[in-house]
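J.: Sequence and predicted structure, then a few things I'm wondering about:
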Amino acid sequence: MLRPASLSRRDVLALGGTAAILGALPTMGNGEVNVSEHPFIDAHSHVWSPDTAKWPLAGGKTKADLDPPSFTPEELLKLAHPERVGRVVLIQHHLYHSWDNTYLIDCAARFPGTFAVTGMLDDTQPNPEKQMPALLEKRVRGFRITSWIRKEKWLSGDGMAAMWKTGATTGQAMCCLINPEDLPGVSAMCTKHPETTVVIDHFARIGVDGEIRESDVKNLLALAKHKHVNVKLSAYYALGKKQEPYEDLLPMIRQVLTAFGPERCMWASDAPYQVVKGHTYGASVALLRNRAGLSTGDKEHLFRKTAERIYFS
């Protein structure tokens, strides 16, 4: 998610209607989605349940605060399967569940092989790195870190340093939801922890104000010198002109692909925010699949291989 979105009643009904029309999920009989029929990986989506008694919300929020009121794994996959997407990286939503990763871990357990998890840990608590191996066993393959929970101190402190150091051993990625001005700080951390896998979400939000500045793109491309930094090509609904078919983003996408190579880039939707307010899941897929002039090999990396290496290997 780039920022909390306010969804209209029409958006909510559209989500529910799509889920009802598409019917039951195709599975292999044990809850695992057939990835041979749905080979693509969505490297970034949120889900949440209306069952707030079983999975309580954080920060005093109630069921009435959920927007949309429901976006479960079933609802997500019913949108994803028509686009041949069978696996998804679920991203912890601090807005609703704070540091409690339980819901996403439960989803990953219920659909074996279908979901990996990017969780969150409070690095200000004692020894957060000691939780990382146990969470890895529960399919938590990365940790979301953001620049606006603690702002200028978001990368400082012993706990954060320990997480980056431990990630180099466990293979768990540091997944950065950041603004363009935060890119130099990430580069400094990469220099200190050169073997840690790092993922930049949503182009570091370049273009969120409608303007794609070359200075911001240059700072993003500078991270390519760190061999374990990867970039999500995602959240088109919120960047640049914010209009399908999103072709105004192609110059930035091509620059990123040239700097990092497709083997360090991955497509992601950022659902449910990509599937409301006139935007669609299919249009997000189509930008790279049909409109970017990419080779079959490039698309193999963007839609499967990169995310598979980081989150499902």
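T.: Cool, the structure landed.

J.: switch to C-alpha atoms for all contacts and neighbour counts from now on
T.: OK.

J.: Contact partners for residue 42?
T.: Going by C-alpha atoms under 8 Å, 6 or more residues apart in numbering, residue 42 touches 85, 87, 88, 89, 267, 268, 269, 303, 307.

J.: show me the contacts for the second one.
T.: Under the criterion of C-alpha under 8 Å, 6+ apart, the neighbours of residue 87 are 33, 35, 38, 39, 40, 41, 42, 113, 114, 115.

J.: ok so, going back, reformat the contacts of residue 42 into a markdown table and put secondary structure, distance to residue 227 and pLDDT next to each item.
T.: Output for these, formatted as a markdown table (DSSP: H, G, I helix; E, B strand; the rest coil; distance: C-alpha to C-alpha, whole Å; pLDDT from 0 to 100):
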| residue | secondary structure | distance to residue 227 | pLDDT |
| --- | --- | --- | --- |
| 85 | strand | 27 | 98 |
| 87 | strand | 25 | 98 |
| 88 | strand | 24 | 98 |
| 89 | strand | 22 | 98 |
| 267 | strand | 19 | 98 |
| 268 | coil | 21 | 98 |
| 269 | coil | 24 | 98 |
| 303 | helix | 20 | 98 |
| 307 | helix | 16 | 98 |
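
J.: Generate a PyMOL selection restricted to the buried subset of those.
T.: PyMOL command restricting these to the buried ones, with burial defined by 16 or more other C-alpha atoms under 10 Å:
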select buried, resi 85+87+88+89+267+268+269+303+307
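
J.: tell me the helices in the stretch 201-313 of the chain, going along the chain?
T.: 214-222, 250-260, 281-290, 296-300, 306-307 (DSSP state H, counting those that start in this stretch).

J.: just the ones you listed: most buried one?
T.: Of all those, helix 306-307 has the most neighbours on average by mean count of other C-alpha atoms under 10 Å, namely a mean of 26.

J.: Just name whatever secondary elements that helix is in contact with.
T.: strand 40-45, strand 265-267 (3 or more C-alpha pairs under 8 Å, 6 or more residues apart in numbering; DSSP states H and E).

J.: Export those to TSV and append columns for distance to residue 137.
T.: Conversion of these to TSV gives the following (distance: least, C-alpha to C-alpha, whole Å):
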stretch	distance to residue 137
strand 40-45	19
strand 265-267	24
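
J.: Can you read off the pLDDT for the nearest residue to residue 210 once chain neighbours are set aside?
T.: Nearest residue to residue 210, sequence neighbours excluded (C-alpha to C-alpha, 6 or more residues apart in numbering): residue 240, at 4.3 Å. If you check residue 240, the pLDDT there is 98.

J.: next one: residue 150
T.: Looking at residue 150, the pLDDT reads 84.

J.: cool, residue 19 as well?
T.: pLDDT, read off for residue 19, is 37.

J.: Just put the contacts of residue 42 in JSON lines and tack on distance to residue 159.
T.: Listed next are the contacts of residue 42 as JSON lines, based on distance: C-alpha to C-alpha, whole Å:
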{"residue": "85", "distance to residue 159": "36"}
{"residue": "87", "distance to residue 159": "31"}
{"residue": "88", "distance to residue 159": "28"}
{"residue": "89", "distance to residue 159": "24"}
{"residue": "267", "distance to residue 159": "30"}
{"residue": "268", "distance to residue 159": "29"}
{"residue": "269", "distance to residue 159": "30"}
{"residue": "303", "distance to residue 159": "33"}
{"residue": "307", "distance to residue 159": "26"}
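
J.: ok, of the contacts of residue 42, which one's closest to residue 105?
T.: Distance to residue 105, by C-alpha to C-alpha, is smallest for residue 89 among the contacts of residue 42, at 11.3 Å.

J.: Excluding residues flanking it in the chain, which one is nearest residue 260?
T.: Going by C-alpha to C-alpha, 6+ apart, residue 260 has residue 224 as its nearest residue, at 5.3 Å.

J.: how near is residue 247 to residue 254?
T.: 11 Å (C-alpha to C-alpha, to the nearest Å).

J.: same question but for residue 67, I mixed them up
T.: Remark: distance between residue 67 and residue 254 (C-alpha to C-alpha) = 33 Å.

J.: what about residue 157, how many neighbours?
T.: 11 (other C-alpha atoms under 10 Å).

J.: residues touching it, list them.
T.: Shown in contact with residue 157 (C-alpha under 8 Å, 6+ apart): 123, 124.

J.: Next, name the residue at the spatial heart of the protein.
T.: Per C-alpha atoms, centre = their mean, the C-alpha nearest to the average position across the chain is that of residue 44, at 2.5 Å.

J.: My guess is it contacts residue 85. True?
T.: No: with contact defined as C-alpha atoms under 8 Å, residue 44 does not reach residue 85; the gap is 11.9 Å.

J.: does the residue nearest to residue 210 really touch residue 205, like I thought?
T.: No: in this structure, residue 240 is not within contact of residue 205 by C-alpha under 8 Å, at 9.8 Å.
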